[in-house]
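# got a structure for you, letters missing:
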């Protein structure tokens, strides 16, 4: 089976050890936010492991970066 290298927001939440159900993601998004110039990987609500994953996904331009960018955008409300 061939993979596309694309991960969904649900996949990202599962990778971060969070509930990946749509309702849980919605709840997370309405209870967490990023300040205007705050980096996603610097947010206080992540564990150190989650921060490292998010930071490396962007720095390495990994196949997770699209989902990470989407999460970053959604947390800026």
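Yes, it's here. The model shown is predicted, which means the values in this text are computed figures rather than measured ones.

# in the top helix by length along the chain, which residues are buried?
Looking across the chain with DSSP state H, the single longest helix is helix 48-59. If you call a residue buried by 16 or more other Cβ atoms under 10 Å, then helix 48-59 has these buried ones: 50, 51, 53, 54, 55, 57, 58. Placement of C-beta: from N, CA and C, glycine included.

# what of stretch 63-77?
Going by 16+ other Cβ under 10 Å, stretch 63-77 has these buried residues: 64, 65, 66, 67, 68, 71, 72, 74, 75.

# same check, this time on stretch 5-25
7, 9, 12, 13, 15, 16, 20, 25.

# where does the closest residue to the first one other than its chain neighbours land in three-state SS?
Leaving aside its chain neighbours, residue 7 sits nearest to residue 67 (4.6 Å; criterion: Cβ to Cβ, 6 or more residues apart in numbering). Remark: residue 67 carries the secondary structure label helix [criterion: DSSP: H, G, I helix; E, B strand; the rest coil].

# and what of residue 28?
Quick answer, by three-state DSSP: residue 28 is helix.

# what about it, how many residues nearby?
17 (other Cβ atoms under 10 Å).

# what about the closest residue to it other than its chain neighbours, which SS state?
Nearest residue to residue 28 in three dimensions, chain neighbours excluded: residue 18, at 6.8 Å (Cβ to Cβ, 6+ apart). With three-state DSSP as the basis, residue 18 sits in coil.

# can you tell me which of the buried residues of stretch 63-77 is nearest residue 29?
Using Cβ to Cβ, residue 74 is the member of those that sits closest to residue 29, with 5.4 Å.

# for residue 57, see how far away the closest one is.
With distances taken as Cβ to Cβ, to the nearest Å, residue 74 is found 15 Å from residue 57.
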